[in-house]
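Novice: have a look; sequence and predicted model below, questions after that.
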Amino acid sequence: MVDLFTPLSLAVTAWLAAVVARRALGIPVGWPRTIVVGLLVTSAIGSAVTSFSQFAGIVADDGITVSMPAAAFVLSLVIAWVFVLGLAALVVMEVVVPTGALPSPLDLLRGWRARRRRTRRYAQIMKIVVRHGLGGYLRGRRRTDPYQGPGKIARSLRAALNEGGVTFVKLGQMLSTRRDLIPEQIADQLATLQAGAEPEPWPEIEKAIRTALGKPLEQVFAAVDPEPMAAASVAQVHAATLLDGREVVLKVQRPRARAQVAADMEIILRLSRRLERSTPWGRSLRVFTLAKGFAASLDEELDYMVELDNLRSVAATLGSGIAVPEVVEEHSGSTLLVMTRLRGTPVGAAGPVLAGLSREQRKEMAHRLLSEVLRQQVRTGIFHADLHPGNVLVDADGGLGLLDFGSVGRLDDSTRTALGMLLLAVDRDDAIAATDALFELLDRPPGLAERELERQVGQLMVRFRTGYGRGGPAGVFGSLLKVVHDYGFAVPPQIAGAFRALAALDGTLALISPDFDMFGAAREQGRALMREAVEPETVRANLEERLAGYLPVLQRLPRRINHLVEDLEQGRLSVNVRPLADDGDRRFLTGLVQQIVIAVLAGSATLGSIILIVADVGPMITPNIRLLPVIGGVLLLIGFLLALRSLALVFNPRSG
């Protein structure tokens, strides 16, 4: 019974010490470290009391040499000092390794398998990076080889991403559209990652389709072609025929795509956080913000129900002359889309089809596609954001069709108006109005050189109006993004998506009609769209809607003005200012005053304790100790405890 009682009493005492420690410091210190310190303090109390009793002469061979109250007082002070030193150890641990910075023992025990897999995958990625000569970039150096030029770096990055697998291929595809952030040579190389991937074996795909349907394929389809029409990094497409005879296509997610993406995205987020913290180029590109946006978009892309909603939204606002597939909803799910088959050939492989069309037909098709994208961005606010050559179909009659609605942009009313004003300013060659439209679209950075930006925008408009510059007339959109990034603008994701959509449309339009002037057509279309927006009927309808919302305010306005005038005439007008009306301000000020008061009390107690400890006068309470130094020790204990609490509140961000 004694053997059981001793560890139990030690555990209870340690737990009580931990509770008192958390209360004394006033911050949420982690329970594991607090209990460990409590155990150490409890274990050290006995030896500390024994050693001090012998040193101070409280205990001798013939027993206690002082009165019991004096012995109890002095030994209690010793116990309190042992406890306060334990608190000091806790504060040091909180400063060095705050609570929550490390996983708990329970998390370590439960997640060791996942961490082992992540570590193994991380090691694989590091080997790929180093093998392709990119290891120096992880250490903050711009290049690893003095003879390694931009072209070689771009090719090495493309090869490394391609070898990294599904997630890294998608990352490269996303980066290839961010010509505002990365050099042209790297963007050109990464754009080649848009090509297809090796197809998954049919038995694996058949199993994935059967799992998504929840029934055998024979109960839904009359036939399914095992040869894929296209294979991408995340999904592949197969032709099929429903039992009712309709021809459809099946977009099937690769069986292991989601698990692989989830594991790799965790590594990408960790790595991007490290790069932004430790490398100048990482901070310049805000790589962690990019990684978070990429993670969100990829998560949506892996959920085909999101794509189904996107397709519905675009189809509801699409003009005539451009077709989109219809989704067979009863057979679709988060990993499988069953859609009606559109006749046509992707622009990237439609050379023979386009060669059979006249020059005027091809130019009309390009104009129709651009006009529809601009109309969606300026008028409806919902647009296809990834119209690369593989997502646009053409047929021998000049028809157009759109595929792959995993990436769809949405713009609110004020953003659409500002974008229309930008197009109108470009049409008028008005750099001042174009700069003002950018201010409406983007978040203005502090200390902006407005006149310099205005000149840059004007030069950009002149350069692309005359057809100069790499990328052709459509390159103005990517170049404009680069200019605003260089000036420190924070580009909202939806605005960047709109500009990227226009930049990505450049290659598609160039294949459809090589001599099509996208910049000139965009100016013309912007003029027409803004003309529609300022028509008298449209303006009157907008004003009526806004006035209807302000009507209750307008009805009460005369009475309120009358009250103000009466109060002003009779001297009753007053203004009440409450500088601390906000709860957050009051909490901040209260916490600041508390810390100042604690610091002053700690300093006063410490100063008084020093005076009493060095005093060589006063009665003796033990053969070796005077009363005044003991009182000084009590004051020093109080001062030390207050100082620890003040430090804990200063270094712990959650204390506010």
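Specialist: Received, thanks. Residues are numbered from 1 along each chain as shown.

Novice: and Pro98, what pLDDT?
Specialist: As predicted, Pro98 sits at a pLDDT of 69.

Novice: do you have the strands of the stretch 151-300 of the chain handy? List them.
Specialist: Under the criterion DSSP state E, counting those that start in this stretch, the stretch 151-300 of the chain contains strands at 221-224, 230-231, 235-242, 247-253.

Novice: which of these has the lowest mean pLDDT?
Specialist: strand 230-231 (a mean of 81).

Novice: helices or strands next to it in the packing?
Specialist: strand 235-242 (3 or more CB pairs under 8 Å, 6 or more residues apart in numbering; DSSP states H and E). C-betas here are computed from N, CA, C, even on glycine.

Novice: can you give the strand pairings for the strand it packs on, parallel or anti for each?
Specialist: Pairing partners of strand 235-242, with direction, according to DSSP bridges: strand 221-224 (antiparallel), strand 230-231 (antiparallel), strand 247-253 (antiparallel).

Novice: what comes up buried for it?
Specialist: Applying a neighbour-count criterion of 16 or more other CB atoms under 10 Å, one finds 235-240, 242 buried in strand 235-242.

Novice: same question, stretch 154-168
Specialist: For stretch 154-168, the neighbour count (16+ other CB under 10 Å) marks 154, 156-168 as buried.

Novice: re earlier: possible to save the strands paired with strand 235-242 as a markdown table with distance to Thr590 and mean neighbour count?
Specialist: Listed next are the strands paired with strand 235-242 as a markdown table, based on distance: least, CB to CB, whole Å; neighbours: other CB atoms under 10 Å:
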| stretch | distance to Thr590 | mean neighbour count |
| --- | --- | --- |
| strand 221-224 | 69 | 16 |
| strand 230-231 | 63 | 16 |
| strand 247-253 | 54 | 22 |
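
Novice: any idea which of the ones you listed gets closest to Ala295?
Specialist: strand 247-253 (17.3 Å; CB to CB).

Novice: contacts for that closest one, please.
Specialist: For strand 247-253, the surrounding residues in contact (CB atoms under 8 Å, 6 or more residues apart in numbering) are 205, 208-209, 212, 224, 229, 234-242, 302, 304, 325, 328, 335-341.

Novice: try it again with 7 Å
Specialist: 205, 208-209, 224, 229, 234-242, 302, 304, 328, 335-341 (CB atoms under 7 Å, 6 or more residues apart in numbering).

Novice: could you do stretch 482-499 as well?
Specialist: 179-181, 293, 377, 385, 409-411, 415, 419, 438, 441-443, 445, 448, 453, 456-457, 460, 477, 480-481.

Novice: the residues you listed in helices, which ones?
Specialist: 293, 415, 419, 438, 441, 453, 456-457, 460, 477, 480-481 (DSSP state H).

Novice: in TSV: those residues, plus pLDDT, neighbour count and distance to Gly38.
Specialist: Compiled in TSV, the ones in helices among the contacts of stretch 482-499 are given as follows (pLDDT from 0 to 100; neighbours: other CB atoms under 10 Å; distance: CB to CB, whole Å):
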residue	pLDDT	neighbour count	distance to Gly38
Gly293	79	15	45
Thr415	83	19	57
Leu419	80	23	62
Leu438	84	23	60
Leu441	81	23	58
Leu453	86	19	61
Gln456	85	19	64
Val457	84	24	65
Leu460	80	20	67
Phe477	63	25	63
Leu480	74	23	62
Leu481	71	22	58
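
Novice: out of these, the closest to Ser313 would be?
Specialist: For the ones in helices among the contacts of stretch 482-499, the residue nearest Ser313 by CB to CB is Thr415; the value is 16.4 Å.

Novice: quick one, what contacts the closest one?
Specialist: Contacts of Thr415 by CB under 7 Å, 6+ apart are 441, 494-495.

Novice: ditto for Ala315
Specialist: With CB under 7 Å, 6+ apart, Ala315 has these contacts: Val324.

Novice: please identify which helix or strand holds it.
Specialist: helix 304-317 (DSSP states H and E).

Novice: got a list of contacts for the next helix or strand after that helix?
Specialist: Downstream of helix 304-317, the next assigned helix or strand under DSSP H and E is strand 322-323. Contacts of strand 322-323 from elsewhere in the structure, counted by CB under 7 Å, 6+ apart, are 342, 372, 399-402.

Novice: and stretch 225-233, by the same measure?
Specialist: Against stretch 225-233 from outside (CB under 7 Å, 6+ apart): 166, 169-170, 196-199, 202, 236-240, 249.

Novice: which of the strands of the stretch 151-300 of the chain sits closest to Ala80?
Specialist: strand 247-253 (64.4 Å).

Novice: centre of the chain versus that closest one, how much separation?
Specialist: Taking CA atoms, centre = their mean, to the nearest Å, one finds strand 247-253 lying 32 Å from the centre of the chain it belongs to.
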